[in-house]
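Visitor: sequence isn't available, so here's the structure alone:
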């Protein structure tokens, strides 16, 4: 029979444009957030992280924004390139008492059009 | 740094057979995690270890699954007997611990149970 899988949201952008990938988290006790990139056939690759005492952090071509008031996390990719095409996952870690577990979102498929 | 190493990269087996997946974490990392990724359920944490001791195995599906970490540089995830619904990509990840929460993933083992 037909298999039903997770429906990944898809974001399509033109090469050179900026991309914004959003993530809503549910646990107000989370104190650490991280973004991963997963290319087909590979393991998740660390992109950037942020702690709850910050609201913005920048890396090379990437910026993560954290809004704790509405429990929202976003990943901004500047000048998107074809090599950025992948599935992007956000993950959160609960603070004290939550152990070292990361809870992952379902992911967003980024497609870069030439 | 070689990163997290997993073997085998692909495993095809028949229902009822025993399957053993292997992982070597990054040297010096105190935490090791086993994840399973499927289209239906996304990325799920199965179990994690700290200093070779299992800390949380609440994600292990059932008694057919077991994991060990006999030393700081080696862990196994065993499925006995395997079933077709165990077909998935299994990832191992490790992190230093302490003030560091970033988990680094291996390339995964794609398991197919016929």
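Guide: Okay, I see it. All figures in this text were calculated on a predicted structure; none of them were measured in a lab.

Visitor: show me what from chain B comes close to chain A.
Guide: Residues of chain B lying close to chain A (CB under 8 Å from any CB of the partner chain) are B:4, B:31, B:33, B:38-43, B:45, B:48, B:50, B:55-56, B:91, B:93, B:95, B:97, B:101-108. To be clear about C-beta, it is placed using only N, CA and C from the backbone, and glycine gets the same treatment.

Visitor: in strands, which of those residues appear?
Guide: Using DSSP state E, the members of the residues of chain B next to chain A that fall in strands are B:31, B:33, B:38, B:42-43, B:45, B:48, B:50, B:55-56, B:91, B:93, B:95, B:104-105.

Visitor: farthest-apart pair in the residues you listed, please.
Guide: Based on CB to CB, the longest span within those runs between B:38 and B:50 and measures 26.1 Å.

Visitor: report the mean confidence score over stretch A:35-46.
Guide: Regarding stretch A:35-46, the rounded mean pLDDT is 96.

Visitor: er, stretch B:97-114 actually
Guide: Here the average pLDDT along stretch B:97-114 is 91.

Visitor: stretch A:64-73 too?
Guide: Stretch A:64-73 comes out at a mean pLDDT of 95.

Visitor: how long is that stretch from one end to the other?
Guide: With CA to CA, to the nearest Å applied, stretch A:64-73 spans 7 Å between its terminal residues.

Visitor: which strand or helix spans residue A:76?
Guide: Assigned by DSSP states H and E, residue A:76 belongs to strand A:72-77.

Visitor: who does that strand touch, helix- and strand-wise?
Guide: Other helices and strands packing on strand A:72-77, by 3 or more CB pairs under 8 Å, 6 or more residues apart in numbering or on different chains; DSSP states H and E, are strand A:19-24, strand A:30-38, strand A:45-51, strand A:62-67, strand A:86-94.

Visitor: any idea of the pLDDT on residue A:4?
Guide: 51.

Visitor: ugh, wrong one, residue A:27
Guide: So residue A:27 comes in at 89 (pLDDT).

Visitor: for it, what are its contacts?
Guide: Contact analysis of residue A:27 by CB atoms under 8 Å, 6 or more residues apart in numbering or on different chains lists A:92, A:94, A:103.

Visitor: kindly recompute the last result at 6 Å.
Guide: Shown in contact with residue A:27 (CB atoms under 6 Å, 6 or more residues apart in numbering or on different chains): residue A:94.

Visitor: how about it, phi and psi?
Guide: Here is the backbone geometry of residue A:27 (degrees, to the nearest 10): phi -100, psi 110.

Visitor: report back the residue of chain B that's furthest from centre.
Guide: Within chain B, the residue lying farthest from the chain centre (CA atoms, centre = their mean) is residue B:99, at 23.2 Å.

Visitor: need phi/psi at it.
Guide: phi -90, psi 0.

Visitor: before we move on, what about the one 3 residues further on?
Guide: Backbone geometry at residue B:102, expressed as degrees, to the nearest 10, gives phi -70, psi 120.
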